[in-house]
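Undergrad: For reference, the sequence and a predicted model appear below.
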Amino acid sequence: MQFQQLAYFLAVAETRHFTRAAELSRVAQPSLSKQIRALEEDLGAPLFRRARGNITLTPAGEALLPLAQRILTDLETARREVQELAGMRRGRVRLGATPSLCAGLLADALAGFHGRFPGIELQVEESGSRDLIRALGKGELDLALIILPLQSSDPAFVTTPILRENLVVVSAAGAPSPAVDGASMRITELRDRPLVMFRRGYDVREATLHACRAAGFEPHLAVEGGEMDAVLRFVEAGLGIAVVPSMVLKNRPGLQGVPLARPRLLRTIALAHRKDVDPSHTAKAFRRHLMTYLTHLTRDELGEDLEVIAPLTA
C-alpha cells in the first residue's frame, strides 16, 4: 500500500468519477485506475462498484475511507513538522475553539502569537464543542479548546483543563430583568420563559436542556438552531432569553446578564489533542504561548465569572 494510492482512492471516493479524480490528481486516468486496481489487489477486496458509470464504495471501501483520510492527514502533519524545525519561521497551527472563546479571549492570544511568529499560518475552526471533538478525532485539527466532560464514546484525547466559567442568563438591555429578585435566577425560573436556543453540537445547549429536565420541566424554545452570534442577536431583538457563557457579554451593550443561583451551571474549558499523535512543534509553541497569556490576565480582564484553573506544559 502506497500513500499515492490512498490519495487516488480518496479522489475517486470524493468525486465518484475516475476521470474527474484523475484530473484533480493531475495524473492520466489509466495510471490512476491502474493504481486503484493495485491497491485493491494488495487489500484483497474491491473498493468500488463500477456499474454503468455509477461509482459507489463497497463495504471495504467504506471501511478504508476514514482510515485513508487519517493516514494522509498525519502524513501532511509529519511533513509540516519537519519543515517547522527551521526556527519557527514557517508552519501551521490548526486550532478549534467555541464561538464564545473566538469572540472573547482567543483573539488577543492569537494576535500575540502572530506577533511573535508571523510566518506561522493560523487556521481557526469555530464550532460547537462536540463538532470540534469530531474534527479533532479525524485529524483535521492540531489542538481544540473544548468543553469537559467528554462523552464516553469520544476517541482518546489528552485534555488539560485551563478555565472554569459560570453560565449566565441574558436578556435584552433595558428590558425588565428575568430574575424575580433582580440579582440571580434559579433554573426553575426558566419554566415557561421563551428561550433562544443554540443548534445541536453546542455544549451550552445540552447543559441547559439537562438542567431544565433535572428540575422537572421541558423548556419552552422560542427560537432554536442558531450559532452564537445569531443567538445573542435574537436575544437583543427581544425574542427571548438565553443561557450563555459569561464571557460573551463583553462589548455587548445590547445585553444584560443575570447569574444563576446555586447550584450554578459551570463549564470547564480544556485544551485537547489526540492521544495517538504528538502535537507539532508549532502547536506546542502555541500551547506555551496560550498559558503564558492566560496567567498574565488580571482579575478585571478575566471578570468575576471566569477563572484560570490549571497550568499548561508543552
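TA: Received it, and whenever you're ready, just let me know what you need. Numbers count the residues shown, from 1 in each chain.
Undergrad: now the strands for the stretch 1-150 of the chain?
TA: 48-51, 54-57, 91-97, 120-126, 143-148 (DSSP state E, counting those that start in this stretch).
Undergrad: Make TSV out of those and add mean pLDDT, distance to residue 106 and mean neighbour count.
TA: Any C-beta I mention is one placed from the backbone N, CA and C, and that applies to glycine too. Putting the strands of the stretch 1-150 of the chain into TSV (pLDDT from 0 to 100; distance: least, CB to CB, whole Å; neighbours: other CB atoms under 10 Å) gives the following:
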stretch	mean pLDDT	distance to residue 106	mean neighbour count
strand 48-51	86	42	12
strand 54-57	90	38	14
strand 91-97	92	5	24
strand 120-126	93	8	16
strand 143-148	93	7	23
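Undergrad: Could I get these in TSV, plus columns for distance to residue 212?
TA: Formatted as TSV, the strands of the stretch 1-150 of the chain follow (distance: least, CB to CB, whole Å):
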stretch	distance to residue 212
strand 48-51	48
strand 54-57	42
strand 91-97	26
strand 120-126	26
strand 143-148	18
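Undergrad: what about these, which gets the closest to residue 137?
TA: Ranking the strands of the stretch 1-150 of the chain by proximity to residue 137 (CB to CB) places strand 143-148 first, at 9.7 Å.
Undergrad: tilt between that closest one and strand 91-97?
TA: The directions of strand 143-148 and strand 91-97 differ by 20 degrees, with axes from the mean of the first three to the mean of the last three CA atoms, to 10 degrees as the criterion.
Undergrad: How far away from the center of its chain is strand 143-148?
TA: 7 Å (CA atoms, centre = their mean, to the nearest Å).
Undergrad: which is the next helix or strand following that strand?
TA: strand 157-172 (DSSP states H and E).
Undergrad: Name the nearest residue to residue 175, sequence neighbours excluded.
TA: residue 238 (6.6 Å; CB to CB, 6 or more residues apart in numbering).
Undergrad: closest one to residue 40 among the strands of the stretch 1-150 of the chain?
TA: strand 48-51 (8.2 Å).
Undergrad: ok, that closest one: who's next to it in the sheet?
TA: Using DSSP bridges, the strands paired with strand 48-51 are strand 54-57 (antiparallel).
Undergrad: contact partners of the strand it pairs with?
TA: With contact meaning CB atoms under 8 Å, 6 or more residues apart in numbering, strand 54-57 is reached by 12-13, 16-18, 47-49, 65.
Undergrad: picking that back up, tell me the secondary structure for the residue nearest to residue 175?
TA: Secondary structure, DSSP: H, G, I helix; E, B strand; the rest coil: residue 238 is coil.
Undergrad: Correct me if wrong: it contacts residue 172.
TA: Yes: between residue 238 and residue 172 there is a contact at 5.0 Å, judged by CB atoms under 8 Å.
Undergrad: per-residue confidence at the residue nearest to residue 175?
TA: Looking at residue 238, its pLDDT is 93.
Undergrad: For it, grab the count of nearby residues.
TA: 12 (other CB atoms under 10 Å).
Undergrad: again, but for residue 185
TA: Residue 185 has 22 neighbours, counted by other CB under 10 Å.
Undergrad: just residue 248 next, same as before
TA: Other residues close to residue 248 by other CB under 10 Å number 23.
Undergrad: next one: residue 290
TA: Count around residue 290 with other CB under 10 Å applied: 22.
Undergrad: again, but for residue 160
TA: Residue 160 has 14 nearby residues by other CB under 10 Å.
Undergrad: nearest spatial neighbour of residue 29, skipping sequence neighbours?
TA: Nearest-residue entry for residue 29: residue 22, 4.0 Å, with adjacent residues in sequence omitted and distances by CB to CB, 6+ apart.
Undergrad: okay, the one you found: pLDDT?
TA: 93.
Undergrad: Look up how far residue 65 lies from it.
TA: The gap separating residue 22 from residue 65 is 19 Å, by CB to CB, to the nearest Å.
Undergrad: Which of these two has more residues huddled nearby?
TA: Just comparing residue 22 and residue 65: by other CB under 10 Å the higher neighbour count belongs to residue 22, 20 against 16.
Undergrad: check contacts around that one.
TA: Per CB under 8 Å, 6+ apart, neighbours of residue 22: 11, 28-29, 31-32.
Undergrad: Kindly indicate whether residue 176 is helix, strand or coil.
TA: Residue 176 is classified as coil under three-state DSSP.
Undergrad: count of residues packed around it?
TA: Residue 176 - counted by other CB under 10 Å - has 8 other residues nearby.
Undergrad: For it, grab phi and psi.
TA: Per-residue torsions, residue 176: phi -60, psi 140 (degrees, to the nearest 10).
Undergrad: quick one: which of the contacts of strand 54-57 is nearest residue 259?
TA: The closest of the contacts of strand 54-57, once distances to residue 259 are taken by CB to CB, is residue 65, at 46.8 Å.
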